[in-house]
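> Model the following, please.
(one chain, ligands or ions: 2)
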Amino acid sequence: MIVKSADFVCSNTQISKLPPATKPEYAFIGRSNVGKSSLINMLTSKKGLAKTSQTPGKTQLINHFLINESWYIVDLPGYGYARISKSKKEEWNKYIRNYLEKRENLQCVFILIDSRLEPQKIDLEFCASLGERGIPFVITFTKADKQGKVKTDQNVAKFRKAMLAFFEEVPQHFITSAELQTGRDEILNFIDEVNQK
Ligand code: GTP
Ligand code: MG
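Numbers count the residues shown, from 1 in each chain. Ligands and ions are numbered 1, 2, ... in the order given. You can find the predicted model right below:
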């Protein structure tokens, strides 16, 4: 798929104020700092579209971007170690969970996993929670440029193995680098196929 246009639409904390659920939508989620916003910029080839930062907790709202005037990418706040108060964290969790459960046009969630790390409990639990709720998702390993292919492949294999404790079949995965544009075509083709269903 060719991305001809990518435009910021709105930022929200309230489900009631999201754009009408009339176009297919894909949400990007994962731990703070895993590279969600960078991946969105890489997919759209628009550097400043989603705000990125070295400091975890940059994205704090549900951000909608309209692609080719026909489908949405959604950038979500990260879960995990962002330095925010407990009450704020609970508030985020509540509206993100609400969004993931209620959004009718949500086709698939991209769960981003740092390819440099051994399987993390918080990521496995997040995958399990989507699985339990029947929310479709795929796994996206990020920052593959930060180490050799062997290491990435080892961590991918470990994560997939750890997922077998929760799932009979492990969902599809992508290996990406926002720096090198790795995985771009694969993800855009995947979205294209889902859009056509
Ligand atoms: P929050 O919004 O805070 O949850 O973070 P995020 O998941 O949106 O991460 P973001 O895209 O802001 O990236 C975090 C940091 O990782 C930034 O310093 C990025 O430049 C860096 N980064 C993201 N993706 C890659 C990648 O593929 N390769 C490398 N080398 N660095 C990356
Ligand atoms: Mg972000």
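
> Tell me, please, the helix or strand in the protein that averages the lowest pLDDT.
helix 86-102 (a mean of 82; mean pLDDT, DSSP states H and E).

> now the angle between helix 86-102 and the following helix or strand past that helix, please.
Per DSSP states H and E, the first helix or strand lying C-terminal to helix 86-102 is strand 106-114. Counting by axes from the mean of the first three to the mean of the last three C-alpha atoms, to 10 degrees, strand 106-114 points 140 degrees away from the direction of helix 86-102.

> these two touch, right, residue 178 and residue 42?
Yes - taking C-beta atoms under 8 Å as the definition, residue 178 is a contact partner of residue 42 at 4.2 Å. The C-beta positions use only the backbone N, C-alpha and C, and glycine is treated the same way.

> quick one: what helix or strand has the residue positioned nearest the centre of the chain in it?
Central residue of the chain (C-alpha atoms, centre = their mean): residue 28, 2.0 Å from the mean position. According to DSSP H and E, residue 28 maps onto strand 25-30.

> helices and strands around that strand, which ones?
helix 36-44, strand 71-75, helix 86-102, strand 106-114, strand 137-142 (3 or more C-beta pairs under 8 Å, 6 or more residues apart in numbering; DSSP states H and E).

> and this structure, which residues reach ligand 1?
Within reach of ligand 1 by C-beta under 6 Å from any ligand atom, the chain has these residues: 32-38, 52-54, 56-59, 77-78, 142-143, 145-146, 177-179.

> ok, back up a step: mind putting the helices and strands packed on strand 25-30 in JSON lines, mean neighbour count included?
Formatted as JSON lines, the helices and strands packed on strand 25-30 follow (neighbours: other C-beta atoms under 10 Å):
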{"stretch": "helix 36-44", "mean neighbour count": "24"}
{"stretch": "strand 71-75", "mean neighbour count": "23"}
{"stretch": "helix 86-102", "mean neighbour count": "14"}
{"stretch": "strand 106-114", "mean neighbour count": "22"}
{"stretch": "strand 137-142", "mean neighbour count": "23"}
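
> Format the ones you listed as JSON lines; extra columns: distance to residue 126.
Output for these, formatted as JSON lines (distance: least, C-beta to C-beta, whole Å):
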{"stretch": "helix 36-44", "distance to residue 126": "13"}
{"stretch": "strand 71-75", "distance to residue 126": "16"}
{"stretch": "helix 86-102", "distance to residue 126": "10"}
{"stretch": "strand 106-114", "distance to residue 126": "6"}
{"stretch": "strand 137-142", "distance to residue 126": "9"}
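
> and those as JSON lines, adding distance to ligand 2?
Shown next, in JSON lines, are these (distance: least, C-beta to the ion, whole Å):
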{"stretch": "helix 36-44", "distance to ligand 2": "3"}
{"stretch": "strand 71-75", "distance to ligand 2": "6"}
{"stretch": "helix 86-102", "distance to ligand 2": "13"}
{"stretch": "strand 106-114", "distance to ligand 2": "10"}
{"stretch": "strand 137-142", "distance to ligand 2": "12"}
